[in-house]
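[1] Curious how this folds, go ahead:
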Amino acid sequence: MSNTEKGRWTSKRKMEAVLRLIRGESLDSLSRELRVTAAKLSQWKESFVQSGSTGLKKRPTDGKEEEIQRLRAKVGELTMENELLYERSRRAEENLPFHLRKSKP
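    Numbering: from 1, shown residues only. As a prediction, this is how the structure comes out:
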């Protein structure tokens, strides 16, 4: 399907149009050629640029972030275990019955 044919504007087709704008093609002439409003092309370009800037803000991953997430999960797990042990200890000191729970399969 050529660019001048009407149809669904896939992300790939939108990106191709935006890249043409970024490379310096006239907004008006591209709008006429593609039969898309200049406002719509400008909107696609703005969205494309914003998404790109978000990608540039991300720090390269070197495994540290994954390790931090793993350790945070472990801290949460240990905290819950400590709270359960504290509760069992309190109940034992007060001679209260323990509620036995079956573990989920």
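[2] Tell me the helices and strands packed up against the lowest-mean-pLDDT helix or strand in the chain.
    Taking mean pLDDT, DSSP states H and E as the measure, helix 38-57 is the helix or strand of the chain with the lowest mean score, a mean of 86. Secondary structure elements in contact with helix 38-57, counted by 3 or more C-beta pairs under 8 Å, 6 or more residues apart in numbering; DSSP states H and E, are helix 11-22, helix 27-34. Just so you know, the C-beta spots here come from the backbone N, C-alpha and C atoms, and that holds for glycine as well.
[3] Of all those, which one is nearest residue 57?
    When the helices and strands packed on helix 38-57 are compared for distance to residue 57 using C-beta to C-beta, the nearest one is helix 11-22, at 19.3 Å.
[4] mind listing what's buried in the closest one?
    Buried residues in helix 11-22, counting neighbours by 16 or more other C-beta atoms under 10 Å, are found at 13-14, 17-18, 20-21.
[5] Please render those residues as TSV that adds pLDDT to the earlier fields.
    Formatted as TSV, those follow (pLDDT from 0 to 100):
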residue	pLDDT
13	92
14	92
17	94
18	93
20	95
21	93
